[in-house]
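Colleague: just need the structure, nothing else, for what follows:
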Amino acid sequence: MPGHSRTAVSRPQKSAAAVIFLCFVAIVFDGYDLVVYGAIVPKLLAYQAWGLTPVQTGAIGSYALAGMFIGAILIGYLTDILGRRKVLMASIAFFSLLMLLTAWAPSAELFGTFRFLAGLGLGGVIPTAIALTVEFSKTHRRNFNNALMFSGYAVGGILAALLSLALLSSIGFQGMLAIGGVPLILVLPFLFKFLPESPAFLAARGRRAEAEKIVGDYGLEPLAPVAAEGVQAQEPGRFRTLLTGRLLAATVLFSLAGICGQILVYGLNTWLPQLMVLANYSLASSLSFLLTVNIGAVVGVIVSSRLADKFGPRIITAVSFVCSGTALLIMGSGIAPLPVMYLLVAVVGFGSVGAQILINGFVATYYANSTRATALGITLGVGRIGAVLAISGGGVLVAASLGNFINFSVWAIAAAVGVLAVLAVPAAGPKHTAAGPAVVRDTRTADQVS
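Modeller: As a prediction, the model looks like this:
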């Protein structure tokens with residue numbers, strides 16, 4: 001069996017990159033939903049039929065995040081029970097339908113309700129896509145491949161900004177939201193046809209022959225021996241495992257870092273256009289800043305994820321937070337000329353979206369296969385608290401008219417706390433890491449056979 005696995009690895013019939021690309025496409029529309037709300041905030045405030053205030057608009061924006069809080073924890077757990085493939089497809093179908101209903105909402109109350117329900121589906125996409133990406137990646141490329149896949153989040157933001165610049169004035173906020181239903185017809189059929197199930201999940205469910213075939217077809221690293229899986233099956237429940245001993249401290253700190261990351265991501269992507277308008281930039285210019293944030297995120301995280309694979313995700317994630325906090329303080333000072341302002345906005349994009357991507361990669365490589373999606377669901381779900389606080393708090397901040405320095409620099413507090421949380425995560429014990437002794441032992445046997 002080891003010899004067979006080694007031969008399959010050397011001549012894969014299918015490309016694991018295709019799986020990562022499918023996860024990338026799924027994430028694109030999650031990112032689109034994030035940024036499109038920020039792009040339409042000025043239109044929502046100007047929509048006289050609903051007469052929304054900045055505080056109300058921020059509250060409605062947070063409803064989707066509240067739904068994502070529940071969805072990420074619940075669906076992340078179900079992913080480890082029902083399988084990655086089914087859960088990812090169901091999540092995409094659900095949030096796409098709800099995005100269409102949101103676009104057609106006749107009242108602000110129903111608009112907020114549909115935003116919350118769409119969040120339930122959106123919350124399940126990210127932990128599932130990250131788990132699949134890590135499980136279809138070589139150990140030395142996990143952070144980089146996760147960053148490539150998760151850059152779809154920023155690509156979705158870029159798409160939302162570009163489409164807003166081109167279409168918002170003509171199709172309104174309803175049309176921009178309706179575009180979020182596109183995955184139902186353009187993405188879901190491809191996932192159904194081409195997305196495989198996680199071999200780690202299949203092996204854990206006793207379907208080892210299917211798992212071995214996928215490992216061979218995609219040239220993946222060998223599965224842990226059957227004996228090791230038997231030991232894993234006797235471990236405590238997933239939630240209990242994650243909330244015990246060293247892993248409890250890690251889960252709490254990862255969740256705190258996730259809260260800080262999502263305060264930056266959702267707060268700035270939702271309120272940056274309005275903050276730039278308050279800083280005397282035009283709406284078109286403010287949308288171009290939103291575009292710059294997400295371009296900076298894509299470029300920066302691809303570079304930083306390579307460094308994370310080489311030096312470890314801890315220090316690189318901390319540096320990302322430091323970069324975003326510093327850039328925000330300089331932006332708030334008002335001393336930067338326009339070209340430098342664009343550069344600072346790009347750095348903020350790298351340090352906010354980029355830091356969140358790196359946190360997700362850190363979590364995915366920290367925990368074992370059997371608890372990875374559950375851990376991602378918990379940390380992403382709890383992290384949504386930061387998103388809710390940011391979107392709601394951003395509305396209060398705008399309404400308070402406190403001045404440009406506070407409008408920008410207040411977000412740097414989250415960056416500072418994020419640095420401390422990431423640096424405080426305890427070193428992973430071998431029993432619960434993604435590359436625990438069972439996996440290492442199996443890989444060495446295959447090498448010796450060859």
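Colleague: doesn't Ala66 make contact with Phe116?
Modeller: Yes. Judged on CB atoms under 8 Å, Phe116 makes contact with Ala66 at a distance of 6.0 Å. Glycine gets a C-beta too; all of them are placed from N, C-alpha and C.
Colleague: the spatially closest residue to His140 that is not a sequence neighbour: which element?
Modeller: In this structure, His140 finds its nearest non-sequential neighbour in Asp309, 6.1 Å apart by CB to CB, 6 or more residues apart in numbering. Using DSSP states H and E, Asp309 sits within helix 283-311.
Colleague: buried set for that helix?
Modeller: Neighbour counts using 16 or more other CB atoms under 10 Å place 283, 285-302, 304-305, 307-309 of helix 283-311 among the buried residues.
Colleague: for stretch 262-282, same thing?
Modeller: Applying 16+ other CB under 10 Å to stretch 262-282 flags 262-279, 281 as buried.
Colleague: repeat for stretch 40-55
Modeller: The neighbour-count check on stretch 40-55 (16+ other CB under 10 Å) flags 40-45, 47, 52, 54-55 as buried.
Colleague: and which of the residues you listed is nearest to Gly71?
Modeller: Ile40 (22.0 Å; CB to CB).
Colleague: next up, the contacts around that closest one.
Modeller: 164, 168, 173, 176-177 (CB atoms under 8 Å, 6 or more residues apart in numbering).
Colleague: got a list of what the nearest residue to Tyr218 once chain neighbours are set aside touches?
Modeller: Spatial nearest neighbour of Tyr218, excluding adjacent residues (CB to CB, 6+ apart): Ala16 at 4.7 Å. Ala16 is in contact with 136-137, 218-220, counting by CB under 8 Å, 6+ apart.
Colleague: so which of those are in helices?
Modeller: Among the contacts of Ala16, the ones falling in helices (DSSP state H) are Tyr218.
Colleague: spatially, which two of the contacts of Ala16 are the most separated?
Modeller: Ser137 and Gly219, at 11.2 Å, using CB to CB across the contacts of Ala16.
Colleague: who has more neighbours, the two?
Modeller: Using other CB atoms under 10 Å as the criterion, Ser137 and Gly219 rank with Ser137 on top: 24 against 18.
Colleague: quick one: contacts for the residue nearest to the more buried one when sequence neighbours are not counted?
Modeller: Leaving out its chain neighbours, the residue that sits closest to Ser137 by CB to CB, 6+ apart is Asn145, at 4.1 Å. Residues in contact with Asn145 (CB under 8 Å, 6+ apart) are 20, 133-134, 136-137.
Colleague: could you do Val363 as well?
Modeller: 254, 375-376, 379.
Colleague: just the element for it, please.
Modeller: Assigned by DSSP H and E, Val363 falls within helix 338-366.
Colleague: go on, Asn269?
Modeller: helix 245-278.
Colleague: taking helix 338-366 as reference, get the angle to that helix.
Modeller: Put simply, helix 245-278 runs at 160 degrees to helix 338-366, going by axes from the mean of the first three to the mean of the last three CA atoms, to 10 degrees.
Colleague: helix 283-311 and helix 245-278, what's the angle between them?
Modeller: With the same axes, to 10 degrees defining the directions, helix 245-278 sits at 150 degrees from helix 283-311.
Colleague: now do the buried residues in stretch 399-408.
Modeller: For stretch 399-408, a neighbour-count test (16+ other CB under 10 Å) marks 404, 407-408 as buried.
Colleague: Phe201: which of those is nearest?
Modeller: Of all the buried residues of stretch 399-408, Phe201 sits closest to Phe408, with 43.7 Å by CB to CB.
Colleague: hmm, the closest one is touching Ala327, no?
Modeller: No. Assessed by CB under 8 Å, Phe408 is found out of contact with Ala327, at 9.2 Å.
Colleague: quick one: contacts of stretch 329-338?
Modeller: Contact partners of stretch 329-338, identified using CB under 8 Å, 6+ apart, comprise 279, 341, 344-345, 348, 404-409, 412.
Colleague: inside helices: which ones of the contacts of Ile40?
Modeller: 164, 168, 173, 176-177.
Colleague: so can I have TSV of the residues you listed showing distance to Gly61?
Modeller: Converted to TSV, the ones in helices among the contacts of Ile40 look like this (distance: CB to CB, whole Å):
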residue	distance to Gly61
Ser164	15
Leu168	16
Phe173	12
Met176	14
Leu177	12
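Colleague: can you redo those residues as TSV with distance to Tyr77, neighbour count and pLDDT?
Modeller: Shown next, in TSV, are the ones in helices among the contacts of Ile40 (distance: CB to CB, whole Å; neighbours: other CB atoms under 10 Å; pLDDT from 0 to 100):
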residue	distance to Tyr77	neighbour count	pLDDT
Ser164	35	26	87
Leu168	38	21	89
Phe173	34	22	90
Met176	32	21	93
Leu177	29	26	93
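Colleague: nearest to Gly386, of these?
Modeller: Closest to Gly386 out of the ones in helices among the contacts of Ile40 is Leu177 (23.3 Å), distances taken as CB to CB.
Colleague: does Leu74 touch Thr374 like I think?
Modeller: No. Between Leu74 and Thr374 there is no contact under CB under 8 Å: 10.4 Å.
Colleague: more crowded one of those two?
Modeller: Shown here are Leu74 and Thr374; by other CB under 10 Å, Thr374 has more neighbours (25 against 15).
Colleague: pLDDT below threshold where in the stretch 1-150 of the chain?
Modeller: Within the stretch 1-150 of the chain, the stretches with pLDDT under 70 are 1-12, 34.
Colleague: now swap in the stretch 301-450 of the chain and tell me
Modeller: 428-450.
Colleague: got a list of what Gly124 touches?
Modeller: With CB under 8 Å, 6+ apart, Gly124 has these contacts: 71-72, 74-76, 78-79, 87-88, 90-91.
Colleague: at 10 Å what do you get?
Modeller: Each residue near Gly124 by CB atoms under 10 Å, 6 or more residues apart in numbering is listed here: 30, 68, 70-76, 78-79, 87-88, 90-92, 94-95, 373, 377, 380-381.
Colleague: likewise for Lys213?
Modeller: By CB under 10 Å, 6+ apart, the residues touching Lys213 are 8, 13, 196, 199, 202, 207.
Colleague: nearest to Thr317, of those?
Modeller: Pro199 (28.2 Å).
Colleague: relative to Pro183, how far out is the residue most central in space within the chain?
Modeller: Centre of the chain computed as the mean C-alpha position; nearest residue by CA atoms, centre = their mean is Ile126, 5.2 Å away. From Ile126 across to Pro183, the span is 14 Å (CB to CB, to the nearest Å).
Colleague: so where does the closest residue to Glu197 other than its chain neighbours fall, helix or strand?
Modeller: In this structure, Glu197 finds its nearest non-sequential neighbour in Arg85, 4.6 Å apart by CB to CB, 6+ apart. Using DSSP H and E, Arg85 maps to helix 84-103.
Colleague: can you tell me which helices and strands that helix packs against?
Modeller: helix 16-46, helix 54-82, helix 108-135, helix 142-178, helix 183-186, helix 188-194, helix 199-204, helix 372-400 (3 or more CB pairs under 10 Å, 6 or more residues apart in numbering; DSSP states H and E).
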